[in-house]
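Colleague: What follows is a predicted structure for the sequence shown.
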Amino acid sequence: MASSNIHVLLPGGKKLPLLGLGTWQIKPEEVRSVVETAIDCGYRHIDEASLYGNEKGVGDAIKAKIDDGTIKREDIFVTSKLWITCSHPSKIEESCLQSLKDLGLDYLDLFLLHFPTSAVSGKGPLPLDDNGLLIGDDTIDYVDTWRVMESLVDKGLVRNIGVSNFTQSQIQRVLDLPPKHPIANLQIESHPFLAQVELIEFCRKNGISVTAYSPLGSPNRVFQERAPTDPVLMEDPTICGIAKKRGVSPAQVLIRYQLQRGVAVVPKSVTPSRIKQNFDAQSFQLTEEDCQVLANLNKNYRLMNFIPMKNMKYYPFAGQN
């Protein structure tokens, strides 16, 4: 089985495959089977986070595929993320070590600061107040968190570090430090309704790769109610029209859209046929006309606002839909 070979080279020298498997919302009891299926299909990039609660199963799958000779450790690119309740400088290395233990790995290929926001620790991963809002810890500045994450590179625990859900100005604050280790990657919501053109271009100018999450519109999204008026990406007539014309699925069009922009993409599925179908988005090309039509769909429409964070210091989506 051929593996994904479209990639970008990160500052740490590791190739980031542009097509990966997202694992958010995959149940712990089924994630091992899902990841094994993905690796057998050819996926070599697995996107994880401690918040997801399924890193142990992901690690079991990777070990099984190493043990049966399908892959070697160096063949697989594993991303994890530092959650907002662990961003105090005293907790960062401990959180990283726990992820490594759960994943059964000696190092992470990429470790992301999940959000610029920080929440109080000791009250579970989602410490909510009586109004259902996350309880922030305003004493923590993400640039201080970044400095400790850099030490994880020095210790060999991670190969690359990056950020997720940061705005351009928040990234610039890290760049102005200046960082000892470069920002290797920014992970953000992106799809044709939220193209993120300016932010992606800013990252390119600063040598930062970009990964798109919710590339298919995250139909099962949480942290906010799905409004009846929310657009549904995979039912959009323009996207469906391109898919029909190319003889592919709407999901494949949405994945290919990111690949041709040079953006890494981490669609999630638990269905073997769809995991394979998503992987096969590497096997066709959209025309320049297709890409322009998709670009014209942009309406800066964010589907994931993480509303429980809205009162927290450094909340990145203030003033957006």
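Modeller: Alright, I've got the coordinates.
Colleague: For the stretch 51-200 of the chain, just list every one of the strands.
Modeller: For the stretch 51-200 of the chain, the strands defined by DSSP state E, counting those that start in this stretch occupy 77-82, 110-113, 161-164, 183-189.
Colleague: Columns mean pLDDT, distance to residue 99 and mean neighbour count on top of those, output as JSON lines?
Modeller: C-beta: built from backbone N, CA, C; applies to glycine. Formatted as JSON lines, the strands of the stretch 51-200 of the chain follow (pLDDT from 0 to 100; distance: least, Cβ to Cβ, whole Å; neighbours: other Cβ atoms under 10 Å):
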{"stretch": "strand 77-82", "mean pLDDT": "98", "distance to residue 99": "5", "mean neighbour count": "26"}
{"stretch": "strand 110-113", "mean pLDDT": "98", "distance to residue 99": "8", "mean neighbour count": "27"}
{"stretch": "strand 161-164", "mean pLDDT": "98", "distance to residue 99": "13", "mean neighbour count": "25"}
{"stretch": "strand 183-189", "mean pLDDT": "98", "distance to residue 99": "16", "mean neighbour count": "24"}
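Colleague: could I get those strands as TSV with distance to residue 155?
Modeller: TSV is the format used below for those (distance: least, Cβ to Cβ, whole Å):
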stretch	distance to residue 155
strand 77-82	15
strand 110-113	12
strand 161-164	12
strand 183-189	17
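Colleague: need the helix or strand of the chain with the lowest average pLDDT.
Modeller: strand 7-9 (a mean of 92; mean pLDDT, DSSP states H and E).
Colleague: Other residues contacting the next helix or strand after that one?
Modeller: For strand 7-9, the following helix or strand on the C-terminal side (DSSP states H and E) is strand 15-17. Strand 15-17 is contacted from outside by 3-10, 43-45, 77, 109-110, 185, 209, 211, 264, using Cβ atoms under 8 Å, 6 or more residues apart in numbering.
Colleague: and residue 92, what does it touch?
Modeller: By Cβ under 8 Å, 6+ apart, the residues touching residue 92 are 82, 86, 145, 148-149, 152.
Colleague: for the residues you listed, which one is nearest residue 124?
Modeller: residue 86 (11.9 Å; Cβ to Cβ).
Colleague: ok, the closest one - how many residues close by?
Modeller: 24 (other Cβ atoms under 10 Å).
Colleague: now residue 107
Modeller: Neighbours of residue 107 (other Cβ under 10 Å): 17.
Colleague: list the contacts for it?
Modeller: Counted by Cβ under 8 Å, 6+ apart, residue 107 has contacts 100, 156-159.
Colleague: With neighbour count as new columns, can those residues be given to me in CSV?
Modeller: Below are the contacts of residue 107 laid out as CSV (neighbours: other Cβ atoms under 10 Å):
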residue, neighbour count
100, 20
156, 9
157, 19
158, 27
159, 21
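Colleague: just checking, which of those belong to helices?
Modeller: Among the contacts of residue 107, the members falling in helices (DSSP state H) are residue 100.
Colleague: Residue 147: neighbour count?
Modeller: 17.
Colleague: Helices of the stretch 201-321 of the chain, residue ranges please.
Modeller: Along the stretch 201-321 of the chain, the segments classed as helices by DSSP state H, counting those that start in this stretch run 237-246, 250-260, 272-279, 288-295.
Colleague: Residue 120 is nearest to which of those helices?
Modeller: Closest approach to residue 120 among the helices of the stretch 201-321 of the chain (Cβ to Cβ): helix 250-260, 35.2 Å.
Colleague: which residues are in contact with the closest one?
Modeller: 6, 18-19, 190-192, 212, 215-217, 233-236, 239-240, 242-243, 246, 248, 264-265, 267, 274, 277-278, 280-282, 284-286, 290-291, 294.
Colleague: And stretch 197-207, by the same measure?
Modeller: Outside stretch 197-207, the residues that reach it (Cβ under 8 Å, 6+ apart) are 11, 167-168, 171, 175, 182-183, 186, 188, 190, 209-210, 261-263, 295, 298.
Colleague: same thing but 6 Å
Modeller: 168, 186, 210 (Cβ atoms under 6 Å, 6 or more residues apart in numbering).
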